[in-house]
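Just to be clear, the model below is a prediction. Sequence and coordinates:
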Amino acid sequence: MQMTYDKFAITLHWLMALLIILMIIMGYQLDELSPEELANNLSWHSGTGVLLLILATIRLWWRYAHSPPPYPNSMSILKKRTAITVVHGFYFLMFLQPIVGLVQAMVYKSVEIRLFGVFGVGWLRELDKMWLDIFSMIHSIGAGALSLFVMFHLGAALKHRFIDRDEIMGRMSPFKRAHKSK
Ligand code: HEM
């Protein structure tokens, strides 16, 4: 049985992890910008966010088509259940956050948002500002939840690597060669 994720899943995992962390950092800095900088940064933020939505769809497809490697027997049932709940939470947020962000970009008022500066999405700009406030609030809560999940996930991965010293980190490591159990 395969004991690590395959190369495709590992590449997708680290690419998405990097982009999500960049998006969170970039998102929290948007308030402090001049209108021109805001338009420019939002075009990159929104374009990268839509790219993440496409990558999340590919990842979900991969997850349905493949079984993940099993957790080690040394992990308690409670820890396995917690890990599975966190994974489900990640999938939920990986879709919710960019979808809500996209709708927010459609109703955004201050500047017209163009994905990567090219493709304008301000189709719903005439809608009442109340809608912008609602989507903005959900996007902000989603960003907070995603930040907490990333920190928890990172903390758990480091604990497995340096305290429990089990093979959990190796399952997603780009540096470890895949091995098979008997
Ligand atoms: C995983 C994907 C995404 C993450 C992690 C993310 C993260 C963030 C964060 C942290 C903020 C600041 C929230 C706050 O101030 O409380 C933000 C704001 C924003 N994001 Fe995203 N975002 C994502 C996807 C998207 C997408 C796909 C779009 C549009 C297509 C988008 C459009 C916006 C807009 C318009 C704002 C508000 C800027 C403002 O209020 O001036 N985001 N995002």
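Perfect, I can see it now. This structure is a prediction, so every number in the text was calculated from the model and none was measured. Numbers count the residues shown, from 1 in each chain.

Report the spatially nearest residue to A83, omitting neighbours in sequence.
Closest residue to A83 apart from its sequence neighbours, by C-beta to C-beta, 6 or more residues apart in numbering: Y71 at 6.8 Å. Where you see a C-beta, it was placed from the backbone N, CA and C, and this is true even at glycine.

In this structure M169 contacts A157, no?
Yes. Counting by C-beta atoms under 8 Å, M169 touches A157, with 5.7 Å between them.

Need the three-state assignment for the residue nearest to A83.
At Y71 the chain is in coil, as set by DSSP: H, G, I helix; E, B strand; the rest coil.

May I have the phi/psi pair for it?
phi -70, psi 150 (degrees, to the nearest 10).

hang on, the earlier thing: looking at M169 and A157, which is more packed in?
Neighbour count, other C-beta atoms under 10 Å: between M169 and A157, M169 has more, with 17 against 14.

give me the number of residues near R125?
R125: 15 neighbours (other C-beta under 10 Å).

and if you look at Q104?
Other residues within reach of Q104 by the criterion other C-beta under 10 Å amount to 24.

do the same with I141
Neighbourhood size, I141 [other C-beta under 10 Å]: 13.

What of L146?
Counted with other C-beta under 10 Å, L146 comes out at 21.

Just the element for it, please.
Here L146 sits within helix 129-159, counting by DSSP states H and E.

From the contact counts, what lies against that helix?
helix 7-28, helix 77-107 (3 or more C-beta pairs under 8 Å, 6 or more residues apart in numbering; DSSP states H and E).

at 6 Å instead, please
Contact partners of helix 129-159 among helices and strands, from 3 or more C-beta pairs under 6 Å, 6 or more residues apart in numbering; DSSP states H and E: helix 77-107.

buried set for the helix it packs on?
For helix 77-107, burial by neighbour count (16 or more other C-beta atoms under 10 Å) applies to 83, 89-90, 93-94, 96-107.

quick one, it and helix 7-28 angle?
60 degrees (axes from the mean of the first three to the mean of the last three C-alpha atoms, to 10 degrees).
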